[in-house]
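> Provided below are the primary sequence and the corresponding predicted coordinates.
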Amino acid sequence: MNDTFPQITQTDRLCMAGAHFGPRGGTHTSRTMMLAELTDLLSSTPSDLARASFKNAVITENVLGKSTGSNRRLTMQRLSELYGLDAHIPLFTTLHRLWNLDPNGRPVIALLCSLARDPLLRSTAPYVLSMNVGEEVMHNEYLDSIRAHVDTRLNDSILDKVRRNSSSTWTQSGHLVGRVRKRRQAVSPSFGAMSLALWLGWLEGRVAEDLLGSFWMRVFDAPRHVLIETVLRCKQAGLVTASIGGGVVQIDPSSVFKDRMEDGG
C-alpha cells in the first residue's frame, strides 16, 4: 500500500510557505485538527490576521469558550501548530482566502493545511486514503501503519492517542464516518480545496499534469475527469490558470499565489 503512495518532496518553497518536516512530536498526540475551534475563531477575528489578534481573541476574549486560562493558552498553541495563525505564513493566508471563498470546502481545506504542518498526521494518510469506500478501519492495522512511519519515537500509549485523534480528524474532514466503528466514505473535491492542493503540489516542484498525481491530490476520492472538471472550476473562480484540451493538460497555480509567496519570503 505505501510503496505506491505519492511521496512529498521537501523543498525550500514548501518550508517557506509554512509546511513542516522532520521528526516532530505532532499536534495529534494530544488534539485533533480542531475544525470547530478553527471555524469559530476565523468567524470572529479581524482582517489583519496578526498573530497578536488571534492570541487576544483566544486567550483574553475567550471567543472559543474555554473554561480555564491554561486551556485557552493550550488551544492557541495547538491551533498555531496546525494552521500558523499568522499573516506572515503564506499557508495560513492562503487557507484564510480560500476559507472565505469556498465554505463547503472548509473541512478539506483545514485537513490539507494540517497535513502540511503536522508530519504525524501525514503519517496516517497512506492507511486512510488507501482504504476502499465502505471499508472499516481496523485499529491494529491503523496502529501498525503509524508505527511504521514513526519507528520507535513514540510508545504504544502515545501511538494509540495518535490513532484516536487522527481518526477523529479524518472524520471531521469527511473521509471517515461513524463513532466507534469508523468506515471510509468518499470525499468530492471542491474548488477551494482543489486550489490549495494544486498550490501545495506546485510548491513541491510539480508542474502541469503532474500536479494531479501529488500526495495532496489523494485527499479527493475522484477519478481523473472529475479532478479536471474541478480544476476548470478553480480557473473560473480566478484561482488558477489552466489550459486543457487535445489530450494536453496545463495547470499553473503560481501566478495566483506569487505575491503571497514573495510577501512570506
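Cool, the structure landed. Residues are numbered from 1 along each chain as shown.
> report the contact partners of the most centrally placed residue in the chain.
The residue lying closest to the centre of the chain (CA atoms, centre = their mean) is Leu112, at 1.6 Å. Residues near Leu112 by CB atoms under 8 Å, 6 or more residues apart in numbering: 193, 196-197, 200, 216, 219. All C-beta atoms are positioned from the backbone trio N, CA, C, and that covers glycine.
> that one sits in which helix or strand?
Per DSSP states H and E, Leu112 falls inside helix 106-117.
> now the element after that helix, going C-ward?
helix 119-122.
> quick one: that next one to chain centroid distance?
Chain-centre distance of helix 119-122: 10 Å, with CA atoms, centre = their mean, to the nearest Å.
> which residues of the stretch 51-200 of the chain fall in helices?
Assigned by DSSP state H, counting those that start in this stretch, the helices in the stretch 51-200 of the chain fall at 51-55, 69-83, 90-101, 106-117, 119-122, 125-129, 139-150, 156-172, 191-203.
> which of those helices has the highest mean neighbour count?
helix 191-203 (a mean of 28; mean count of other CB atoms under 10 Å).
> what's the closest non-adjacent residue to Ser188?
Excluding its sequence neighbours, the residue lying closest to Ser188 (CB to CB, 6 or more residues apart in numbering) is Ala222, at 6.2 Å.
> okay, the one you found: pLDDT?
Looking at Ala222, its pLDDT stands at 94.
> just checking, it touches Ile228?
No - counting by CB atoms under 8 Å, Ala222 stays clear of Ile228, with 9.6 Å between them.
> any idea how far Ser157 lies from Thr29?
Going from Ser157 to Thr29 by CB to CB, to the nearest Å gives 10 Å.
> repeat for Val177
For Val177, the distance to Thr29 - CB to CB - is 24 Å.
> neighbour count winner among those two?
Legend: neighbour count by other CB atoms under 10 Å for Val177 and Thr29, higher for Thr29 (16 against 13).
> can you name the residues that contact that one?
By CB under 8 Å, 6+ apart, the contact set of Thr29 is 120, 154, 158, 161-162, 165.
> residues making contact with stretch 32-41?
Here stretch 32-41 makes contact (CB under 8 Å, 6+ apart) with 27, 54, 57-58, 63-64, 75, 78-79, 82-83, 106-107, 110-111, 114, 121, 165-166, 168-169, 172-173.
> do the same with stretch 49-68
The contact list for stretch 49-68, computed with CB under 8 Å, 6+ apart, reads 37, 40-41, 44-46, 69, 72-73, 75-76, 79-80, 85-87, 92-93, 96.
> sorry, back to before: CSV for the helices of the stretch 51-200 of the chain, including mean pLDDT and distance to Ile8?
Listed next are the helices of the stretch 51-200 of the chain as CSV, based on pLDDT from 0 to 100; distance: least, CB to CB, whole Å:
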stretch, mean pLDDT, distance to Ile8
helix 51-55, 94, 26
helix 69-83, 96, 17
helix 90-101, 93, 14
helix 106-117, 98, 9
helix 119-122, 93, 7
helix 125-129, 96, 10
helix 139-150, 90, 12
helix 156-172, 95, 17
helix 191-203, 96, 9
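> now tabulate these in CSV and tack on distance to Leu239.
Output for the helices of the stretch 51-200 of the chain, formatted as CSV (distance: least, CB to CB, whole Å):
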stretch, distance to Leu239
helix 51-55, 25
helix 69-83, 20
helix 90-101, 8
helix 106-117, 12
helix 119-122, 24
helix 125-129, 24
helix 139-150, 32
helix 156-172, 24
helix 191-203, 4
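> go through those and name the closest to Val248.
For Val248, the closest of the helices of the stretch 51-200 of the chain is helix 191-203, at 16.9 Å, according to CB to CB.
> ok, so what distance separates the nearest residue to Gln236 once chain neighbours are set aside from Thr75?
Leaving out its chain neighbours, the residue that sits closest to Gln236 by CB to CB, 6+ apart is Phe191, at 7.9 Å. Look at Phe191 and Thr75: by CB to CB, they are 30 Å apart.
> cool, Glu136 as well?
32 Å.
> and for Leu35?
In this view, Leu35 and Thr75 are 13 Å apart by CB to CB.
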